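K.L.:
What follows is a predicted protein model with its sequence.
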Amino acid sequence: MRFKGVLPLVLVAFGMALIASPAFADDSSQSQSILDPAGPQAQHISDLWFIILIPALIVLVFVGGAIIYAAFRFRAREGVDALPKQIGGNNALEFTWTLVPALILLSIFLVSATQLPFLRHTPSEAADAMHIKVLGSQWIWNFSYPGLKHPYPATMIIPADEVVNLDIDSKDVIHSFSVPRLAGRLDAIPGKHNFMWIQASPGTYYGQCTEFCGKAHATMTITVKAIPRDQFDRWYSQQPRAQGGA
Ligand SMILES: [Cu+2]
């Protein structure tokens with residue numbers, strides 16, 4: 001009973017440590033955290049996460065502090081059985097605790113919504129950037145390049161520091177494309193063409209299907225290799241061409 005107020009705080013602290021830990025992990029090639037961004041999309045999302053963390057921490061300290069204070073101050077004590085003074089019908093108090101959270105949530109909504117156009121639309125200066133077709137199927141991702149004969153399973157090679165458009169589709173059930181260090185996740189839905197763009201610093205980035213899609217869902221991994229433009233051109237020129245392809 002007397003630890004009732006401490007338990008939520010311990011749980012919240014544990015949860016926050018769990019969430020924040022990848023941000024402080026070293027820049028290992030295995031990292032899969034959006035808080036360790038390697039491109040402008042992930043950078044925006046990561047910045048937004050930290051901006052929202054500030055009001056969330058203030059609320060945590062305020063509400064958690066009030067819970068701890070109340071739990072200790074008004075705990076049951078030997079020989080004292082009177083209820084603490086009960087407050088009810090205080091309009092000013094009720095108005096405040098409705099309005100303040102509503103304003104906090106509205107601000108978070110607005111600051112998030114203003115990011116959407118950047119995340120949804122290819123930057124205008126990269127209007128002619130390459131499109132790669134991303135096809136999810138049970139249980140492999142395939143990446144098709146313009147003019148090339150075969151799709152490439154599991155590993156996507158892209159030119160570093162350049163915008164690349166991804167046209168995302170599914171062959172069977174709903175999958176979700178997610179490479180956290182580059183961008184947010186986007187569902188691959190049969191019959192619906194979804195779109196996102198990425199841009200990556202040179203390096204190798206990992207992700208996976210993030211929508212449970214059947215028994216081998218866990219093996220549906222993604223590797224994105226961002227290599228310098230000249231290396232990319234060399235690789236591309238060595239691949240089998242589609243018939244009639246450039
Ligand atoms: Cu899947």
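P.N.:
Happy to help now that I have it. Numbers count the residues shown, from 1 in each chain.

K.L.:
ok, which residues in the chain are in contact with the ion?
P.N.:
Selection of the chain residues close to the ion by C-beta under 5 Å from the ion yields 175, 209, 213, 220. Where you see a C-beta, it was placed from the backbone N, CA and C, and this is true even at glycine.

K.L.:
so what's the first one closest to, chain neighbours aside?
P.N.:
The spatially closest residue to residue 175, leaving aside those adjacent along the chain, is residue 136, at 3.3 Å (C-beta to C-beta, 6 or more residues apart in numbering).

K.L.:
Now name the helix or strand holding the one you found.
P.N.:
Take DSSP states H and E as the rule and residue 136 turns out to sit in strand 131-137.

K.L.:
quick one: average confidence on the lengthiest helix in the chain?
P.N.:
Ranked by residue count and defined by DSSP state H, the top helix of the chain is helix 40-73. Computed over helix 40-73, the mean pLDDT rounds to 93.

K.L.:
Mind splitting this protein into its structural domains?
P.N.:
Split into domains by automatic domain parsing, the chain comes to 6-76+90-119, 128-237.

K.L.:
roughly how far out does the shortest one sit from the chain middle?
P.N.:
Here domain 6-76+90-119 is found 14 Å from its chain centre; the criterion is C-alpha atoms, centre = their mean, to the nearest Å.

K.L.:
Could you do the last one as well?
P.N.:
Here the centre of domain 128-237 is set off from its chain's centre by 16 Å, with C-alpha atoms, centre = their mean.

K.L.:
Report how far apart the opening and closing residues of it are.
P.N.:
End-to-end span of domain 128-237 (C-alpha to C-alpha, to the nearest Å): 19 Å.

K.L.:
just to revisit the earlier point, listing partners with orientation, what would you give for the strand holding residue 136?
P.N.:
Sheet pairing here is set by DSSP bridges, and for strand 131-137 it gives strand 140-144 (antiparallel), strand 164-170 (parallel).

K.L.:
In JSON lines, list the ones you listed along with mean neighbour count.
P.N.:
Formatted as JSON lines, the strands paired with strand 131-137 follow (neighbours: other C-beta atoms under 10 Å):
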{"stretch": "strand 140-144", "mean neighbour count": "19"}
{"stretch": "strand 164-170", "mean neighbour count": "20"}
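
K.L.:
May I see those strands organised as a markdown table, with mean pLDDT added?
P.N.:
Shown next, in a markdown table, are the strands paired with strand 131-137 (pLDDT from 0 to 100):
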| stretch | mean pLDDT |
| --- | --- |
| strand 140-144 | 97 |
| strand 164-170 | 96 |
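
K.L.:
of all those, which lies closest to residue 70?
P.N.:
Closest approach to residue 70 among those is made by strand 164-170 (49.0 Å; C-beta to C-beta).

K.L.:
Give the pairing partners of the following helix or strand past that closest one; include direction for each.
P.N.:
Downstream of strand 164-170, the next assigned helix or strand under DSSP H and E is strand 175-177. Sheet pairing of strand 175-177 (DSSP bridges) gives strand 186-188 (antiparallel).

K.L.:
what's the following helix or strand after the partner strand?
P.N.:
Sequence-wise, the next helix or strand downstream of strand 186-188 (DSSP H and E) is strand 194-198.

K.L.:
helices or strands up against that next one?
P.N.:
Packing partners of strand 194-198 (3 or more C-beta pairs under 8 Å, 6 or more residues apart in numbering; DSSP states H and E): helix 40-73, strand 164-170, strand 186-188.
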